[in-house]
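**Student:** Next comes the sequence, and after it the predicted model I'd like to discuss.
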Amino acid sequence: MKKNCKTLHFEKNFFWIFLSSGALIGFLPFCPGTFGALEGALFFWFFKTYPLSYQFLIIILFFIIGIISAHLTSNILNDKDPDFVIIDEIVGMWISLLGKKILIEIILAFILFRLIDIKKPFPIKKMENIPGGLGIMMDDVIAGILTNICVIFIITGFKICMGH
């Protein structure tokens, strides 16, 4: 059976596609961004007890890997932001969860992150104008930062209201 050019291109660049798709989770037939954020939350669960400095280093490492893999995958497919590229959601979710340890914070962060990522309020929408892998990553990075801050305010406000 003769393989077409796109299949050969995919196989030749499988490593980068594998990374950018969150170990192929991005190829699920529906809601790849939501599954990417869920994958990020599940992986985060295993390093939530690490010191903040380690969590931050893991995020930086995967942010760099995300820029490279998303950029190369985008170029391979000649697509500005392929749907199956979800490493941005994974890293954005990790940023949302930075310093979070309890389940309610993780659930709240997941819900808020998906809402913010889907609605893309200002300035998040502007980040999509950045070219290449950095542009693919940055909207989710900003969404993650905004989510983390929102979770802090919500949890703190709840504790104050409850008298803790």
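**Tutor:** Received it, and whenever you're ready, just let me know what you need.

**Student:** the bottom helix or strand of this structure by mean pLDDT?
**Tutor:** Within the chain, no helix or strand scores below helix 5-12, which has a mean of 64 by mean pLDDT, DSSP states H and E.

**Student:** Contacts for whatever helix or strand comes next after it next, please.
**Tutor:** Next helix or strand after helix 5-12 toward the C-terminus (DSSP states H and E): helix 14-20. Identification of contacts with helix 14-20 by Cβ atoms under 8 Å, 6 or more residues apart in numbering yields 10, 24, 26, 65-66, 68-70, 72-73, 76, 82, 84-87. Placement of C-beta: from N, CA and C, glycine included.

**Student:** hmm, try it at 10 Å
**Tutor:** 9-11, 13, 24, 26-27, 62, 65-66, 68-77, 82, 84-88, 90, 133, 136 (Cβ atoms under 10 Å, 6 or more residues apart in numbering).

**Student:** out of the residues you listed, which are buried?
**Tutor:** Neighbour counting with 16 or more other Cβ atoms under 10 Å marks 13, 26, 62, 65-66, 68-74, 76-77, 82, 84-88, 90, 133, 136 as buried within the contacts of helix 14-20.

**Student:** Filter those down to the ones in strands?
**Tutor:** Counting by DSSP state E, no part of the buried ones among the contacts of helix 14-20 is found in strands.

**Student:** Centre-most residue in this protein?
**Tutor:** residue 89 (1.8 Å; Cα atoms, centre = their mean).

**Student:** residue contacts, that one?
**Tutor:** Here residue 89 is in contact with 22, 25-26, 32-40, 66, 113-114, 117, 137, 140, 143-144 (Cβ under 10 Å, 6+ apart).

**Student:** repeat that for 6 Å
**Tutor:** 33, 36-37, 140 (Cβ atoms under 6 Å, 6 or more residues apart in numbering).

**Student:** before we move on, what about residue 107?
**Tutor:** Applying Cβ under 6 Å, 6+ apart, no residues contact residue 107.

**Student:** quick thing: my sequence starts at 33, can you match it?
**Tutor:** That works, and once the first residue is 33, the last one we named lands at residue 139.

**Student:** Now residue 171: closest residue in space, sequence neighbours ignored.
**Tutor:** Distances taken as Cβ to Cβ, 6 or more residues apart in numbering place residue 159 nearest to residue 171, at 4.0 Å, with adjacent residues excluded.
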